[in-house]
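Trainee: Sharing a sequence plus its predicted fold:
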Amino acid sequence: MQRFIFLFSFLLSSVFCFSANPPLEREVSLLLNNERVVVALNKIADQTGLVFSYSSNIINDLPPVSINIKHKTVREALALLLPGSISYKAKNNYIILKERGIEKNPKKTELKGYVYDKTTDKKLANVTIYDKTTLQSVTTDDYGYYSMLIPIKNQSIIINKENYKDTSIALANLQTNGMTFINLSPVDSTKKDSVLWKQKLKELENYTARIANKFSAYINTLNVKDTLHRNMQVSFIPFIGTNHKLSGNVANKYSFNIFGGYARGVDALEIGGFFNVDKEYVHGVQLAGFFNLVGDTVKGAQLAGFFNVTGKSMNGFQAAGFTNINLGELNGVSASGFVNANLGKVKGAQLAGYVNYAKQVEGIQGAGFVNCALREVKGIQVAGFINHAKELEGTQVAGFINHAKFVKKGLQIAVVNISDSCKGLPIGVFSFVKTGVHQLEISGDEIFKANIGFRTGVPKFYNIFNISIDGGSSEPLWSFGYGLGTSFKIKNKLRSDVTLTANHVSKGQFRFAESELYKLYWGIEYKFKKKFSVAVGPTLNLYVSDTYSSDYETNYSNIAPNPFYNNTSSDGFNFKSWVGGKISIRFF
């Protein structure tokens, strides 16, 4: 019983070992001295569990062989045992031997064999082997094996693998018993990143590379460092076209892609029905129905129905129906229906239906909704809703808000302007400058005994919000309004300011009829302390009221004191003008 269990276990383990590797990659060891080939085949069958199928007449006439190999593959053993006139292939657990037909005047020769790491003697998978003339290429399989047909007239092949030295080998040096063996030397990899985030990034890169390595054409783009050149490429999809699996290593002057194409670069024109992808550059014109993707630089024009992406700089004109994304600089114009994004500097113009984003701008940003510049803007930002920049030397125009941390010079024009410091001019309904004007004013004049106003902006141009009241009766006269002003320095503590305000005046309840007071003030301000000053000056007043309203005679006809002008128009509006004065104290 124990003998049976042992025998069963042995057979089971033998089957497992045999099935672990493909038939031609199973290992054998042979020591033969002047033996018939059929004996060698039987020994291989005994060690591997394979079954050889062949016609006896192609084996019996072969001369005896002497061989001494250890831990070599079945493929390598057969290459040593059989002449080139006999071919072999694996099918399931069978190895089929056939006599190869003799071709007269062959134009191509077959190269097959293994690629090894020169230092470890281990077989290398995912090695690119290609013919530079025809662009025919193969990659080694998981066991380091390759097979390819190349023209007989070719003198050499090129072997590339990432992290190994590029190698070119003359074909004459590869003809060894029908099997070629190539050794590659690794490059120095002793320098390692000490920064943690770089290590994590490398781990992610390796993970994605392992997924992409399932595709031999992608492996070629990693392995082959040389740039090959062709006048024209025609492709249906990437790697199916005139440049075969080396399309990612070829720079084309003209590239025509029926559905989509992939190339190392373009030097004149590229047209794609759906997309174009270029590993490095485009110098010329690139047109795509849906998207263009360029790994490095574009010099010329890039047009796509939906989006464009460049890995570095865009130099020229770029237009997309939805978005343009540039990971480097833009030198030219980028126009899109929705979003433009530039992670570098913009020298030119960004024009978008919705949002523009850039690191720095020297030129124009125009967007239907938002413009954003992380650093400096030297030029113009125009947006339907909001503009943002860290530093501004130019003009911001927005439908609602402008924001800049530092306005070095120029204009901000919007309903709301916000900045930390401003050496330019903010023009809007409300402007807030952190280091600018923030004054609370308490004043009195000939109509209102108490006025409270708030001034915000910069001395050159500020906004005024005020309310006023005269509490001399049970129904007090009161008003609220808005104004603009400017202030200029006379001496160290002495300034002069000019303001223009407009207030709606009511008595008791709010008056819906016309009752407007316009006041032009010009006065002087003396600063007693840093945050306390006194101001005084004359005013020129104009009061406009509706005489057709029922309460005009009782409440509003005598508001103006001693007017020098009093006139009622044909449509019932009364205009009164007089000279008055205002005295105020100001804080902050």
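Mentor: Thanks, I have it. Numbering: from 1, shown residues only.

Trainee: Enumerate every residue touching residue 340.
Mentor: Listed by CB atoms under 8 Å, 6 or more residues apart in numbering, the contact partners of residue 340 are 323-324, 334, 350-352, 355-358, 367. All C-beta atoms are positioned from the backbone trio N, CA, C, and that covers glycine.

Trainee: For residue 487, list the residues it contacts.
Mentor: Residue 487 neighbours (CB under 8 Å, 6+ apart): 437, 459-460, 462, 495-498, 525.

Trainee: Is the residue lying closest to it once chain neighbours are set aside in a helix, a strand, or coil?
Mentor: Leaving aside its chain neighbours, residue 487 sits nearest to residue 497 (4.0 Å; criterion: CB to CB, 6 or more residues apart in numbering). When classified by DSSP: H, G, I helix; E, B strand; the rest coil, residue 497 comes out as strand.

Trainee: What number of residues are in the vicinity of residue 497?
Mentor: Around residue 497 there are 20 other residues, counting by other CB atoms under 10 Å.

Trainee: Would you agree it is in contact with residue 533?
Mentor: No - taking contacts as CB atoms under 8 Å, residue 497 lies outside contact range of residue 533: 10.5 Å.

Trainee: Work out the gap between stretch 401-418 and the centre of the chain.
Mentor: 28 Å (CA atoms, centre = their mean, to the nearest Å).

Trainee: partners of residue 235 in the sheet?
Mentor: Beta bridges link residue 235 to residue 241, residue 257, judged by DSSP bridges.

Trainee: still on that earlier bit, neighbour-wise, which one of the contacts of residue 487 leads?
Mentor: When neighbours are taken as other CB under 10 Å, the top entry among the contacts of residue 487 is residue 462 (24 neighbours).

Trainee: Wait, that residue touches residue 431, no?
Mentor: Yes - assessed by CB under 8 Å, residue 462 is found in contact with residue 431 at 7.1 Å.

Trainee: Kindly confirm my reading that residue 277 forms part of a strand.
Mentor: Yes - assignment of residue 277 by three-state DSSP places it within a strand.

Trainee: one step back: between residue 462 and residue 431, what contacts are shared?
Mentor: Common neighbours of residue 462 and residue 431 (CB under 8 Å, 6+ apart) are residue 456.

Trainee: Okay, buried residues for the helix or strand residue 500 falls within please.
Mentor: Assigned by DSSP states H and E, residue 500 belongs to strand 494-507. Neighbour-count burial for strand 494-507 flags 495, 497, 499, 501, 503-507 (criterion: 16 or more other CB atoms under 10 Å).

Trainee: Including pLDDT and distance to residue 555, could the residues you listed go into a markdown table?
Mentor: Converted to a markdown table, the buried residues of strand 494-507 look like this (pLDDT from 0 to 100; distance: CB to CB, whole Å):
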| residue | pLDDT | distance to residue 555 |
| --- | --- | --- |
| 495 | 95 | 38 |
| 497 | 96 | 32 |
| 499 | 97 | 27 |
| 501 | 97 | 21 |
| 503 | 97 | 16 |
| 504 | 97 | 14 |
| 505 | 95 | 10 |
| 506 | 94 | 9 |
| 507 | 91 | 4 |
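
Trainee: So which of these is the closest to residue 569?
Mentor: Using CB to CB, residue 505 comes nearest to residue 569 of the buried residues of strand 494-507, at 18.6 Å.

Trainee: correct me, but that closest one touches residue 555?
Mentor: No - using CB under 8 Å as the test, residue 505 is too far from residue 555 to be in contact (9.6 Å).

Trainee: now the helix or strand encompassing residue 463 against strand 494-507, angle please.
Mentor: Under the criterion of DSSP H and E, residue 463 resides in strand 461-470. Put simply, strand 461-470 runs at 50 degrees to strand 494-507, going by axes from the mean of the first three to the mean of the last three CA atoms, to 10 degrees.

Trainee: What's the first helix or strand after strand 461-470?
Mentor: Moving toward the C-terminus from strand 461-470, the next helix or strand (DSSP H and E) is strand 477-489.

Trainee: what mean pLDDT would you report for that following strand?
Mentor: When pLDDT is averaged along strand 477-489, the result is 95.

Trainee: That strand pairs with which strands, parallel or anti?
Mentor: Applying DSSP bridges, you get strand 461-470 (antiparallel), strand 494-507 (antiparallel) as the partners of strand 477-489.

Trainee: would you list the ones you listed in a markdown table and tack on distance to residue 346?
Mentor: A markdown table is the format used below for these (distance: least, CB to CB, whole Å):
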| stretch | distance to residue 346 |
| --- | --- |
| strand 461-470 | 29 |
| strand 494-507 | 39 |
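
Trainee: right, so of those, which gets closest to residue 417?
Mentor: Of all the strands paired with strand 477-489, strand 461-470 sits nearest to residue 417, with 9.4 Å by CB to CB.

Trainee: Go ahead and confirm residue 370 touches residue 389.
Mentor: No - under the criterion of CB under 8 Å, residue 370 makes no contact with residue 389, lying 11.8 Å away.
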